[in-house]
Structures are given as C-alpha cells and as structure tokens.
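>>> any chance you can model this:
(chains A and B)
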Amino acid sequence: MADGNVATGPSLDEDVLNEAAKWRKGGRNVALATVVSTWGSSPRPIGSHLAVDEDGKFVGSVSGGCIEGAVVSEAMEVMNSGKPKVLEYGVTNELAWEVGLACGGTIQVFVEKVE
Amino acid sequence: MKQHTLSRLLEDQAAKRAVALATDMDSGDQTLVYLNDADGPDGSNAQVLAAARQAIQDDRSKVYDLSGRRIFIETFNPPLRMLIVGAVHIAQPLSRMAAVAGYDVTVIDPRGSFATEERFPGIALNSEWPDDGMRGLNPDRRTAVVTLTHDPKLDDPGLEIALKSDAFYIGSLGSRKTHAGRVERFTSAGFTDTEIGRIHAPVGLNIGSISPAEIAVSILAQITEVLHRNIEAREAA
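Residues are numbered from 1 along each chain as shown, chains lettered A, B, ... in the order given. Sure thing, here's the model as predicted:
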C-alpha cells in the first residue's frame, strides 16, 4: 500500500539501519548509535539512529548536527573494544562549549558495535 | 547488535510487523519482542515482555528500570495509516502532507474521474464503494479515517465501517449543519451518542484555514493532537 508513497521521516531511520546492515555484510566494521533518552528540547527524538563505519563515514543523525562529531569518534572506539557505551550530552556536560546542544536539551545515546 | 538481530528487524519492518527491541544498556544483550513471540536472552522475562508489548501499543520508546537493570525498549511499528474517503480537492494536499508525516495513505473513491494517478501521484487509490473499500482496508488502532466527499451517499458508508473499527481518529468534512444531519442519520441507524461522538466534525483544528492546503494542515494537526494526547493521557493515568 505504501508503494510509491513519498519518502517519510520514519523510513529515513529505516534507511540508516539498512545502510548499517549493508556495510556490515560488505565486511566493514560498523557501530550503531541510538538516542535512548531526551530531556528538555532536543532536536532528534528517541529512537533516532546514526550508523558509523570503520573509516568514520556515517549516515543518520542523533542531534541534527551538534554532537555528531563526538558520537562518531566514540563509535569508532566502541567498534574496536566491542563494548557498548552510554553517552550523555547537554548543557551540563563539561564539553558543552564544543559539543553541547545549542537548544539547551540533554540527550543520552547508546552506542553498540554491529557484530 | 548481532547481525542476525539487525536483519530480522529489517525483515519485520519490510513485512510491516510490529516489534520492539529490548536492549540491556550495560551488557548490550538484545531481545526482539513481538506481540505473541520473542527471541533473545530476555525472551522469557515477563517484566521485559510486558514493558515491550505495552511500548508497542503506545508506540513509545524509552529506558526502563527493570529490577535494577537499565533496559532500553525501542519500538518499530509499521507506519500509521490514513484512509481518506473522497478524491476531492482537499484530499490532494492532505494525502501528500500525511505521506510526508509518515502515514501510509489510501484514498477511496469509486468515481474514476476523481481518483486518478495524475491528481494523486504516488498515493494508493481504492475505487471500491467506501464501505467495501473501508472494510477491505480494515482500519485498526493505528489508522486515521477522514471523509471529505460532502456527499452522504459516499461518506456515510465509509463512516459506518470506521465507527465499528478501532480507528484512533475519525473526522468528517462538513459544516455544523451538515454534521447535525449526519448525527440524525446515524442515530436512526442505531449508533449511540458515544459512537457518533467519535466523529470530529467540523473536521480539523479551528485555525482559520481557507485554502484546501490550509484545511489539510488543520486536519493533519488535529490527527496529530489526538494521536499523541491519547497516549499522554494514558501515561498520566
């Protein structure tokens, strides 16, 4: 029924998971970051995904741009260690000057390796 | 995440099967939870299963504290649906806007000259009489129904099926006077006040809409409000 329907928000997130699966099947190391909690105003809702490969190439978004750089480098660490990590970003974070959310919200991001 | 889990998630999404992914945020262990089934290390953990199935019902992903474990439950529901009766002028912007907002949209209109691919590019069209079309599409609790023809001959049969369904939203175009007539017809057809009260009419939020696109905005806004306020009310209860 959806055939031919205009591309939509939710299906964009689906594309991130598809891309992650494709990368992994192609033999690349992949990590997946997922927004698991948000407080206050935050640009991307819970369940937003970001997939990162071993070269730091990424698709998707967890914040609309504010913290992607930091999440990508954490994701590459998780790829190497294989251990999942919970990251938190917000105005109270000491890195706020560099990677805080301009909108003043706080978000928690779960990062895991795609095995 | 195991590759196998990721592939199953993608298969489920392609098959439009509702599923929740329960992730232990410390160990990284993951369980796929379906309404009648589960697969993973927490597959027989009653607490996790109950939380995940409620999350699917509410379409709400969040972190739970279950017996001291931090479990992130992420829901992957098939898209919401919108069934529009009447391939009329307002249906054109409404179907496009709804598709952009993530709805699987079907426009039902037996009048071939209205329901054309040219007028509704990329939108599913159903040319059955609205009661047959509506019955076949079987509206559920993740479906919004909007009737727009202004013609009781077409709107009413669609509405009757919608009123007997779990559709989370039912709206019908027409003035207060038109709606009063509709209420009368449905009352004599045996529907209760509560049932008839499910119909949002005049349809849409009162934001002074004039053009078809503006009316579509007001309808989509009202549907969005009903969708989220329902869940908020249940969470507050």
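>>> hey, where'd the helices end up in chain B?
B:3-14, B:46-58, B:91-100, B:130-137, B:152-163, B:176-188, B:193-196, B:212-236 (DSSP state H).
>>> residues in contact with the residue most central in space within chain B?
Geometric centre of chain B, nearest residue: B:Thr143, 2.6 Å, by CA atoms, centre = their mean. The contact partners of B:Thr143, by CB atoms under 8 Å, 6 or more residues apart in numbering or on different chains, come to B:80-83, B:137, B:165-168. From N, CA and C alone the C-beta is placed, and that goes for glycine too.
>>> which of these fall in strands?
Taking DSSP state E, the ones among the contacts of B:Thr143 that sit in strands are B:81-83.
>>> ok, and the most crowded of those?
In terms of neighbours by other CB atoms under 10 Å in any protein chain shown, the ones in strands among the contacts of B:Thr143 top out with B:Leu83 at 29 neighbours.
>>> for the helices of chain B, which one sits closest to chain A?
Closest of the helices of chain B to chain A is helix B:91-100, at 4.2 Å (criterion: CB to the nearest CB).
>>> packing partners of the closest one?
Applying 3 or more CB pairs under 8 Å, 6 or more residues apart in numbering or on different chains; DSSP states H and E, we find helix B:91-100 packed against strand B:81-85, strand B:104-108, helix B:212-236.
>>> how is chain B divided into domains?
For chain B, the structural domains run B:3-76, B:81-231, going by automatic domain parsing.
>>> distance to A:Pro84 and mean pLDDT for those - can I get that in CSV?
Putting the domains of chain B into CSV (distance: least, CB to CB, whole Å; pLDDT from 0 to 100) gives the following:
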stretch, distance to A:Pro84, mean pLDDT
domain B:3-76, 4, 95
domain B:81-231, 29, 96
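>>> between those domains, which one is nearest to A:Phe110?
A:Phe110 sits nearest to domain B:3-76 of all the domains of chain B, at 5.8 Å, using CB to CB.
>>> phi and psi next, for the residue sitting nearest the centre point of chain A.
With distances taken as CA atoms, centre = their mean, A:Leu50 lies nearest the centre of chain A, 2.9 Å away. Main-chain torsions, A:Leu50, degrees, to the nearest 10: phi -140, psi 130.
>>> quick one: it from chain B, how far?
13 Å (CB to the nearest CB, to the nearest Å).
>>> what bridges to that residue?
Taking DSSP bridges as the rule, A:Leu50 bridges to A:Ala33, A:Gly60.
>>> contact partners for it?
A:Leu50 makes contact with A:16, A:32-34, A:58-62, A:68, A:71-72, A:75 under the criterion CB under 8 Å, 6+ apart.
>>> the longest strand in chain B is where?
Across chain B, the longest stretch assigned as strand under DSSP E is strand B:69-76.
>>> near chain A, anything from that strand?
Yes - residues of strand B:69-76 contacting chain A under CB under 8 Å from any CB of the partner chain: B:72, B:74-75.
>>> between that strand and helix B:46-58, how many degrees?
Using axes from the mean of the first three to the mean of the last three CA atoms, to 10 degrees, one finds that strand B:69-76 and helix B:46-58 are set 30 degrees apart in direction.
>>> which neighbours does strand B:69-76 have in its sheet, and in what orientation?
Going by DSSP bridges, the partners of strand B:69-76 are strand B:19-24 (antiparallel), strand B:62-66 (antiparallel).
>>> out of these, which one sits most buried?
Neighbour counts averaged per stretch over the strands paired with strand B:69-76 are highest for strand B:19-24, at a mean of 24; criterion: mean count of other CB atoms under 10 Å in any protein chain shown.
>>> now do the longest strand of chain B: everything it contacts.
Applying CB under 8 Å, 6+ apart, the external contacts of strand B:69-76 come out as A:34, A:36, A:46-47, A:110, B:9, B:12-13, B:18-26, B:33, B:42, B:48, B:51-52, B:55-56, B:58-65.
>>> next one: stretch B:174-181
Under CB under 8 Å, 6+ apart, the answer for stretch B:174-181 is B:150, B:152, B:155, B:172, B:182, B:199, B:201-203.
>>> what is the least confident helix or strand in chain A?
helix A:96-99 (a mean of 50; mean pLDDT, DSSP states H and E).
>>> immediately after it, which helix or strand?
Remark: after helix A:96-99, the chain's next helix or strand is strand A:106-114, criterion DSSP states H and E.
>>> need the contact list for B:Thr147.
For B:Thr147, the contact set (CB under 8 Å, 6+ apart) comprises B:84-86, B:130, B:154-155, B:158-159, B:162, B:171-173.
>>> bridging residues for it?
When assigned by DSSP bridges, B:Thr147 has beta-bridge partners B:Val85, B:Ser172.
>>> picking up where we left off before, could you dump the domains of chain B to JSON lines with distance to A:Ala20?
Compiled in JSON lines, those are given as follows (distance: least, CB to CB, whole Å):
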{"stretch": "domain B:3-76", "distance to A:Ala20": "7"}
{"stretch": "domain B:81-231", "distance to A:Ala20": "21"}
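>>> tally up the residues packed near the nearest residue to B:Thr5 once chain neighbours are set aside, please.
In space, and not counting its chain neighbours, B:Thr5 is closest to B:Gln30: 5.5 Å by CB to CB, 6 or more residues apart in numbering or on different chains. By the measure other CB under 10 Å, the count of residues near B:Gln30 is 23.
>>> B:Gln30: what's it in contact with?
B:1-2, B:5, B:21-24, B:40-41.
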